[in-house]
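>>> Predicted model and sequence follow; I will ask about them next.
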Number of protein chains: 2
Amino acid sequence: MISSQHALSLLKREIDNICYPAQPKRLYEPIAYLLDLQGKKIRPTLTLLACNLYKEDVQEAVNMALAWEIYHNFTLMHDDVMDQADVRRGQPTVHKKWDENTAILSGDTMLILSFQYVAKYSEVYLKKLLDLFSITTAEICEGQEYDMQFENRLDVSEEEYLNMIRLKTAVMIGASLKSGAIIGGADEKDQEFLYDFGINLGLAFQIQDDILDVYGDPAVFGKNIGGDILCGKKTYLLITALNRSDKEKREQLLHWLNVKDKNDEKIAAVTSLYNEMTVKEMAREKMDDFYQKAIHSLNKVNVAEEKKAILFDLAEKLMDRKS
Amino acid sequence: MISSQHALSLLKREIDNICYPAQPKRLYEPIAYLLDLQGKKIRPTLTLLACNLYKEDVQEAVNMALAWEIYHNFTLMHDDVMDQADVRRGQPTVHKKWDENTAILSGDTMLILSFQYVAKYSEVYLKKLLDLFSITTAEICEGQEYDMQFENRLDVSEEEYLNMIRLKTAVMIGASLKSGAIIGGADEKDQEFLYDFGINLGLAFQIQDDILDVYGDPAVFGKNIGGDILCGKKTYLLITALNRSDKEKREQLLHWLNVKDKNDEKIAAVTSLYNEMTVKEMAREKMDDFYQKAIHSLNKVNVAEEKKAILFDLAEKLMDRKS
């Protein structure tokens, strides 16, 4: 059985060994640049660990794991253009370091590259993996579209928000696990239980992200605290606050959302309103709901407990994380 | 045997019948919009015709034909963003009608959608088609990258230019034909002869495009004559003129390339320099070379002459076109 740490170092080595065409440099360098920035590599790790539930040797799952990691980084490259973000993992984003056209075209190439990794599989798994990958990746685009649409709306319902993060974040976590299970030779029931484990873990993970952005420890949280508040991002916290506040608090909230300067004051004021409305507690409750559902699904996976321990462990760590 | 006209009307019907997810509208509407603009549909037509060389019923090749058409239109959506083009087939481009983020994200979705059409094939063809598709689509990105790089260079060699249009234009023509042959059940030799036919036809087609942009009949050429001259695009004509002119003519050419206003005068002056250098004749000669190579490859395809007649005919028409 492999550990998360082992999976991670295996993935790092494989990413280092990706052999890009030598030319045109300007097309492939941004891809290598973004993949080299140290991310958590949660998705490819989950693919390897899910495969490992059924097979000792996970080497066969590596190409699929890379497909997810490359696809995930493609979404970051294009999302950063769309969001006009300057910094990613502490480094300049691709469209800042090069330019927008480079980020668009290298991103397109990266998306195709992710499909090339799926294409490496032989006929036995190919159709199943390709169907899963091509459906999931389209869903992720739908999630990004909803996320962008929500920027201009103040009436997003909790249901709409949860559907958005399911598409934008959770389906990739679920499908990463499911693809590993397929390659491992799991039966269809287990494939679905692992998918559901991933969906619910992904939903909990995103709500955790929303909480950390306001309540994280500035010393360990990689980004600036309050970033979501400043750009008016529709997070679980903001949507809950907007939907559950009385008239007076809602007006105060809307007032502060419209403030374009006084950043520190704005973060403090919105956080204070969140505190008064106990929004953090509501978010933690929702997160715990999804976490429990995730655990419930993982319990149903028909594999010895000691093999599943690593996934229980990883899920717990993701919920306890500080960054 | 089906005719080009029959193939075209079959494709139109299939494109009209594509069933997009109902939501999010803003993601899928631009895809339907672009696919509905009347293009020549050369690539999917070639897929059907190549299949028809070997099989009476081409229905099986329709999904692959759609994959190429959707991919081709994806490249138009993103290229128009990168080139800041306002008009496509006489209509506003997607980023003009909606906005840039929409064009980026709908384009991404369109690229994934093209892979979903490849994914519709069963195990028998899937691996071959997916390999061909994922390699070819990456090459097309490389071609676009070179094309953008050439904008800022005055020392592009003929060899570099031909490599660029091979990647940007010709490989998709070659692969469209080859994929049809695969589905038709052609042997590997025929697959390669048809691929080579497409490569050379594509190279001839692009040089023809370059000629038409300067020497086309304004009454029938869909775009404004001289557009390439105004934006300093590195065409076969300009590259030949730059590489083969004496010092005096080269200086005159460089002078006019730098003129930013006086559009009509600029077009007239550059065209006049082209005429003095007989650049058009050199381009036609190159185009004819590739056309002859294409015909030579098609001759080698091991199929009855009367079946190949439609491809010979189509190739001839593409070389005789006015727009």
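That came through fine. Numbers count the residues shown, from 1 in each chain, chains lettered A, B, ... in the order given.

>>> Give the residue spans of the stretch 151-300 of chain A that score low on pLDDT.
By pLDDT under 70, the low-scoring segments of the stretch 151-300 of chain A are A:222.

>>> residues in contact with the helix or strand encompassing A:Met319?
A:Met319 is part of helix A:305-320, with elements assigned from DSSP states H and E. Residues from elsewhere that reach helix A:305-320 (Cβ atoms under 8 Å, 6 or more residues apart in numbering or on different chains): A:1, A:3-4, A:42, A:45-46, A:49-50, A:52-53, A:197, A:201, A:204-205, A:208, A:287, A:291, A:294-295, A:298, A:301. (C-beta placed from N, C-alpha, C; glycine too.)

>>> Kindly report the same for stretch A:58-69.
By Cβ under 8 Å, 6+ apart, the list of residues contacting stretch A:58-69 from outside reads A:2, A:7, A:10-11, A:14-15, A:18, A:35, A:41, A:43-45, A:47-48, A:50-52, A:114-115, A:117-118, A:120-121, A:129, A:133, A:172, A:175-176, A:179-180, A:183-184.

>>> can you tell if stretch A:172-182 touches chain B?
No - between stretch A:172-182 and chain B, judged by Cβ under 8 Å from any Cβ of the partner chain, nothing touches; the nearest distance is 13.0 Å.

>>> so A:Leu212 makes contact with A:Ala283?
No - using Cβ atoms under 8 Å, A:Leu212 makes no contact with A:Ala283, being 10.5 Å away.

>>> who has more neighbours, the two?
A:Ala283 (23 against 19; other Cβ atoms under 10 Å in any protein chain shown).

>>> Please list all residues in contact with that one.
A:Ile207, A:Asp210, A:Ile211, A:Tyr236, A:Leu237, A:Thr240.

>>> I'd say A:Leu53 and A:Val303 touch.
Yes - if you go by Cβ under 8 Å, A:Leu53 and A:Val303 touch, sitting 4.8 Å apart.

>>> hey, what's in contact with both of these two?
In contact with both A:Leu53 and A:Val303: A:Asp190, using Cβ under 8 Å, 6+ apart.

>>> between those two, who's got more neighbours?
Higher neighbour count among A:Leu53 and A:Val303: A:Leu53, with 24 against 19, using other Cβ under 10 Å.

>>> Okay, that one and A:Ala186: tell me how far apart.
Separation of A:Leu53 from A:Ala186 (Cβ to Cβ, to the nearest Å): 7 Å.

>>> picking that back up, write the ChimeraX selection for whichever of the contacts of stretch A:58-69 are buried.
Listed next is the ChimeraX selection for buried residues among the contacts of stretch A:58-69, using 16 or more other Cβ atoms under 10 Å in any protein chain shown:
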select /A:2,7,10,11,14,15,35,41,43,44,45,47,48,50,51,52,114,115,117,118,120,121,129,133,172,175,176,179,180,183,184
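
>>> Cross the contacts of stretch A:58-69 against helices and list the overlap.
Of the positions in these, A:7, A:10-11, A:14-15, A:35, A:43-45, A:47-48, A:50-52, A:114-115, A:117-118, A:129, A:133, A:172, A:175-176, A:179-180, A:183-184 sit in helices, assigned by DSSP state H.

>>> on that earlier part again, determine which two of the contacts of A:Ala283 are furthest apart.
Greatest spacing in these, by Cβ to Cβ: A:Ile211 and A:Thr240 (11.1 Å).

>>> tell me the contacts of the residue positioned nearest the centre of chain A?
Note on chain A: the residue nearest the mean C-alpha position is A:Thr169, at 4.4 Å, using Cα atoms, centre = their mean. Residues near A:Thr169 by Cβ under 8 Å, 6+ apart: A:Gly143, A:Gly202, A:Leu203, A:Phe205, A:Gln206.
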